[in-house]
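# Mind folding the following:
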Amino acid sequence: MSTLNAAVGLPGAHETLRAIDQSSDSVFTYDALADLMGRHGAEEVDKTVKALIGSNLLHQAPQGFEITHLGRRAGLLLDALNGADLRDVWQRLGDLDPTLRNYELLRNNLTDEFLNSLTSRPSFGRLYICSPWISFERREEKLLASAMLQAERGGVRPDIWVVTRPEKGHTEATVPSGGRYLQQLGATVVLNRSLHSKLYIREPGPSGGYLMAILGSQNLTRSTYLELGIKIHADTIMISNLIAYFLELMSQSDEVS
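I've put the predicted structure just below:
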């Protein structure tokens, strides 16, 4: 962090990052970069270039110099500190990092997005899974088991609450195979023959974590259809309403042992 602070504090460094970010050119030769820095107040071009590369704000590629993702974010945050419109900065940060947006359109792979989030950001306290049909491939079973183990390292075993339909072709209310696997992981499963909603929510654990919900057209299965959904980040009011809807569905469903 001290290296980064020193780099952006050099004369002309912030202005150069902003100019590169706003430029139509994605790659700069050394001469072009030196000229840009000189025009934006850099006093020691070689030192400034080395500092920006050393702090990962610039990258030296075979074809020339280019700004990194960190460089773009650092430039935007420096803009904010220097009085830029915060709404504009937030919008531009959202273009770089979709997780800063409350709502994101998902095309296909809705459930992959949900399942992968469990291992990439394992701090969750409860999962809400609402899907008429549930089935897992071996890879997905391993992913879920790994996610539960990672989450348990926080000291508390996460809850899994599931609403699904009974398995097809059975006269009695039978939990489908995917639901039975979730039961092995400790899930509470209820059955509802009228279920059509698809909703997936992860709730933070006692020590915090990532709040997220996905709702859309895809069951918790491998799909060959064209799917569409919405991913909701950190909108506590909306996600609280979705959890309330989920709990209402649970209350209207049949518990299974």
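# Run through the helices of the stretch 101-250 of the chain in chain order.
Here the stretch 101-250 of the chain has its helices, by DSSP state H, counting those that start in this stretch, at 110-120, 138-152, 177-184, 236-251.
# need these in TSV with mean pLDDT, mean neighbour count and distance to residue 34, can you?
For glycine as for every other residue, the C-beta is placed from the backbone atoms N, C-alpha and C. Converted to TSV, the helices of the stretch 101-250 of the chain look like this (pLDDT from 0 to 100; neighbours: other Cβ atoms under 10 Å; distance: least, Cβ to Cβ, whole Å):
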stretch	mean pLDDT	mean neighbour count	distance to residue 34
helix 110-120	91	18	40
helix 138-152	91	15	47
helix 177-184	93	19	59
helix 236-251	93	14	49
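# Out of these, flag the one nearest residue 45.
The minimum distance between residue 45 and the helices of the stretch 101-250 of the chain falls on helix 110-120, with 39.4 Å, by Cβ to Cβ.
# roughly how far out does the closest one sit from the chain middle?
Relative to its parent chain, helix 110-120 has a centroid offset of 9 Å by Cα atoms, centre = their mean, to the nearest Å.
# do the same with stretch 244-257
For stretch 244-257, the separation from the chain centroid amounts to 28 Å (computed by Cα atoms, centre = their mean).
# How about residues contacting it?
Contact with stretch 244-257 is made by 128, 130, 161, 163, 173, 175, 188-192, 195, 197, 199, 201, as judged by Cβ atoms under 8 Å, 6 or more residues apart in numbering.
# and those residues, which are buried?
128, 130, 161, 163, 173, 175, 189-192, 195, 199, 201 (16 or more other Cβ atoms under 10 Å).
# nearest to residue 59, of those?
Within the buried ones among the contacts of stretch 244-257, proximity to residue 59 (Cβ to Cβ) peaks at residue 201, which comes in at 37.9 Å.
# What spatial separation is found between that closest one and residue 255?
For residue 201, the distance to residue 255 (Cβ to Cβ, to the nearest Å) stands at 20 Å.
# Who are the packing partners of the lowest-mean-pLDDT helix or strand in the chain?
In the chain, the helix or strand scored least confidently by mean pLDDT, DSSP states H and E is helix 86-96, which has a mean of 75. Secondary-structure packing of helix 86-96 (3 or more Cβ pairs under 8 Å, 6 or more residues apart in numbering; DSSP states H and E): helix 69-81.
# thinking residue 14 is in contact with residue 7, fair?
No. Assessed by Cβ atoms under 8 Å, residue 14 is found out of contact with residue 7, at 9.7 Å.
# Give the residue spans of this structure that score low on pLDDT.
Along the chain, the model assigns pLDDT under 70 to residues 1-2, 98-100, 169-172, 257.
# For residue 186, grab phi and psi.
Taking degrees, to the nearest 10, you get phi 100, psi 10 for the backbone angles of residue 186.
# can you count the residues close to it?
If you count neighbours by other Cβ atoms under 10 Å, residue 186 ends up with 11.
# ok, now how distant is it from residue 3?
In terms of Cβ to Cβ, residue 186 sits 45 Å off from residue 3.
# before we move on, what about residue 204?
Counting by Cβ to Cβ, the gap from residue 204 to residue 3 is 32 Å.
# With residue 29 instead?
According to Cβ to Cβ, residue 29 stands 25 Å off from residue 3.
# Alright, calling it a day.
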